[in-house]
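>>> predicted structure and sequence below. I'll ask about it afterward.
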Amino acid sequence: MASILLIYGTTGGNTEIVAEAVSDGVEERGHEVKLMRIEKYLLDEVFAEIEKCDVMMIAAPTYGHGEMQMDLKPFLKELSGRDLKGKKCIVVGLGEAKYDDHYHIASVPILEELLTGVGAELVFRPLRISGNPATHLDRLIPLWIGQFCDFLEHSGT
């Protein structure tokens, strides 16, 4: 059983819907998940949890032209100065197709670049949610959760 820390920021609630669906699905497969909505915790608390978990997952929407969710910005700034060498990480990105293709779900490459830049190891493909997450609750999200949990179980994490 792996311990997963799922850190997320949300403004309109879509990222929270996805984070809760991922958490519930992963827990159903027997893994432990701690959800942290970033604005409800002190950064010291978040980084203490990062040290304890087997896998850190960050879920973030992208707004406008590549803007990260505002509550995540202080965490990401602090994260950019940390050493996460060897920390297993996964990214969940949300976005709206109404923005230019270059900015659609831009949170994924932004977070992946930040994480690899501080030495983290991206261990599984990102979950990308375009548009309303409710349309993905019955197929895309459960499919990704199953594949992710299969990976965890076969990798010994």
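Looks like it arrived, so ask away. Numbers count the residues shown, from 1 in each chain.
>>> return the set of buried residues in stretch 54-68.
Val55, Met56, Met57, Ile58, Ala59, Ala60, Pro61, Thr62, Tyr63, Gly66, Met68 (16 or more other C-beta atoms under 10 Å). Any C-beta I mention is one placed from the backbone N, CA and C, and that applies to glycine too.
>>> got it, and stretch 33-43?
Under 16+ other C-beta under 10 Å, the buried positions of stretch 33-43 are Val33, Leu35, Met36, Arg37, Ile38.
>>> what is the nearest of the buried residues of stretch 54-68 to Asp150?
Taking C-beta to C-beta as the measure, Asp150 lies nearest Val55 of these, at 14.1 Å.
>>> could you check how far that closest one is from Lys87?
8 Å (C-beta to C-beta, to the nearest Å).
>>> show me the contact partners of the helix or strand of the chain with the lowest mean pLDDT.
Within the chain, confidence by mean pLDDT, DSSP states H and E is lowest for strand 67-68 among all helices and strands, at a mean of 86. Here strand 67-68 makes contact (C-beta atoms under 8 Å, 6 or more residues apart in numbering) with Gly9, Ala60, Thr62, Leu76, Ser107, Ile110.
>>> next SSE downstream of it?
helix 73-79 (DSSP states H and E).
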